[in-house]
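Asks: My questions concern the predicted model and sequence given below.
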Amino acid sequence: MSILTPARYFCRSLRTPVRSFNRRSLRTLLGGDAFADSLPSAPLPEGVLSVTTLNPDLIGPSNYLDLSSKKTVPIRFAASRSENVAGIRVAYAASSSFPRNARGYMYYSHPPDAAPIGAVRFRLSKKNKPGGFGRARDDLRLHSGCCWQIMLPYIARLPKYAALLDQLLADNLVTEVQLARCRALFADETMVPEKTLFRLGQDFHVDFAEPMQFTAVVGDAVHHGELPGIFETINDRGNPQRPWAGGGVAHFEPAHTTPNSDASTDPRRLLHLRFTHANDVRHATKGGRFKGLLKPRDGILLMATRRGGLPPLPWVFDIDESDSGSAGVALRALWDSSRVPEITDSSQTKPEKASGKGTANDA
């Protein structure tokens, strides 16, 4: 470093002169949480928790939070530019407190192939031992089975999350390009982040008592899909019904089936719906023993039941059918942009497969 550049510092690892260091840049350069813990800071008001990083690779013991049984929790983020020392308040759900033993670490999760969608989540941990962030099943969940999370589209657009946004930018976990993409995509209020898909196999929220609606985003194209009758059946009187109430998390996945014998080189593109989590599932209709749909449970496919003691059949959706509608357009776009595993022979699959066009009314 030249002696002709007084009042400047030289960072050898970056090989660039830096006029001054602030708390944020020092923490980033010299090791994240461990270094931040050694810097003096103003005392926090009573009850306010502190987070110094949302990067799961840098989280240290000081980021261990106890949210147990609290309705709202004030959290101060180290990189926040806000003058509000109490930071922002996070809540579990409307009129509900955080569960007991809700202890762990707040961190940023960015699933592969879901750009620009990421979310701040809470990793449960009984002990203050950071690490092991590869197991999403250990994240705090809502009663519906969905992960408790603050999704990037909300953080990018809502002023109340400004402190959270400051922290994500300071940790280099998001970029201005991603933020601009989120703001552009979700300026349309019909776009719901929890039901926006960027690939097959991506979990999204489902409500068994409502028509299914979702949005597929592929490149700059946005497709709104709807399967209004996916959870409907025909009751004993010949009327449509939705036999189950409740909700959960599900995803579309390719159906492993044998193509038509005269078109073995061009198999049909079929999809199943698999429940990752099903929560608070209960009967929604009175009378009549025939439900038409197997009760949703964790890990199983959506299954149509049949009369006469016949085994249930998985719901199957042919995305190339001429009458597949808006859902077909959206799901074709996802299929074409996703890595779909090679279809196997039906001899390797146990249940018989049924064709379907988005409903289980034939069950």
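Replies: Thanks, I have it.
Asks: Check which residues of the biggest helix by length in the chain are buried.
Replies: Assignment by DSSP state H gives helix 325-337 as the longest helix of the chain. In terms of neighbour count (16 or more other Cβ atoms under 10 Å), helix 325-337 has its buried residues at 327-328, 330-335, 337. (Each C-beta comes from the backbone N, C-alpha and C, glycine too.)
Asks: That helix - contacts with which helices or strands?
Replies: On a contact count with 3 or more Cβ pairs under 8 Å, 6 or more residues apart in numbering; DSSP states H and E, helix 325-337 meets strand 212-218, strand 221-227, strand 244-254.
Asks: and the buried residues of helix 325-337 as JSON lines, adding distance to residue 104 and pLDDT?
Replies: Shown next, in JSON lines, are those (distance: Cβ to Cβ, whole Å; pLDDT from 0 to 100):
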{"residue": "327", "distance to residue 104": "37", "pLDDT": "94"}
{"residue": "328", "distance to residue 104": "41", "pLDDT": "94"}
{"residue": "330", "distance to residue 104": "35", "pLDDT": "95"}
{"residue": "331", "distance to residue 104": "36", "pLDDT": "95"}
{"residue": "332", "distance to residue 104": "40", "pLDDT": "94"}
{"residue": "333", "distance to residue 104": "37", "pLDDT": "93"}
{"residue": "334", "distance to residue 104": "32", "pLDDT": "93"}
{"residue": "335", "distance to residue 104": "36", "pLDDT": "93"}
{"residue": "337", "distance to residue 104": "34", "pLDDT": "86"}
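Asks: quick one on the thing from earlier: can you check what angle separates the longest helix of the chain from strand 244-254?
Replies: Angle of helix 325-337 versus strand 244-254, following axes from the mean of the first three to the mean of the last three Cα atoms, to 10 degrees, is 40 degrees.
Asks: So which of the helices and strands packed on helix 325-337 is nearest residue 97?
Replies: strand 244-254 (20.4 Å; Cβ to Cβ).
Asks: what about the closest one, average pLDDT?
Replies: For strand 244-254, mean pLDDT is 92.
Asks: Over to stretch 269-278?
Replies: Taken as a whole, stretch 269-278 has a mean pLDDT of 93.
Asks: cool, and stretch 293-307?
Replies: Mean pLDDT, computed over stretch 293-307, is 91.
Asks: Can I get that stretch in CSV? Just the C-alpha atoms.
Replies: Output of stretch 293-307 as CSV, limited to C-alpha atoms (Å, rounded to 0.1, in the frame of the first residue of the first chain):
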residue,chain,number,x,y,z
LEU,A,293,-61.6,-40.1,-2.6
LEU,A,294,-59.3,-41.9,-0.2
LYS,A,295,-58.6,-39.8,2.9
PRO,A,296,-55.5,-37.7,2.2
ARG,A,297,-52.5,-38.6,4.3
ASP,A,298,-48.8,-37.7,4.4
GLY,A,299,-46.8,-39.3,1.6
ILE,A,300,-49.7,-40.8,-0.5
LEU,A,301,-51.1,-40.0,-3.9
LEU,A,302,-54.5,-38.5,-4.4
MET,A,303,-56.5,-41.7,-4.8
ALA,A,304,-60.1,-42.3,-6.2
THR,A,305,-62.0,-45.1,-4.4
ARG,A,306,-64.3,-47.4,-6.3
ARG,A,307,-67.4,-49.4,-5.5
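Asks: For that stretch, list every residue counted as buried.
Replies: Neighbour counts over stretch 293-307 (16+ other Cβ under 10 Å) mark 293-296, 301-305 as buried.
Asks: Distance from stretch 240-250 to the middle of the chain?
Replies: Relative to the centre of its chain, stretch 240-250 is centred 20 Å away, using Cα atoms, centre = their mean, to the nearest Å.
Asks: So which bits of that stretch are buried?
Replies: Of the residues in stretch 240-250, 241-250 count as buried by neighbour count, 16+ other Cβ under 10 Å.
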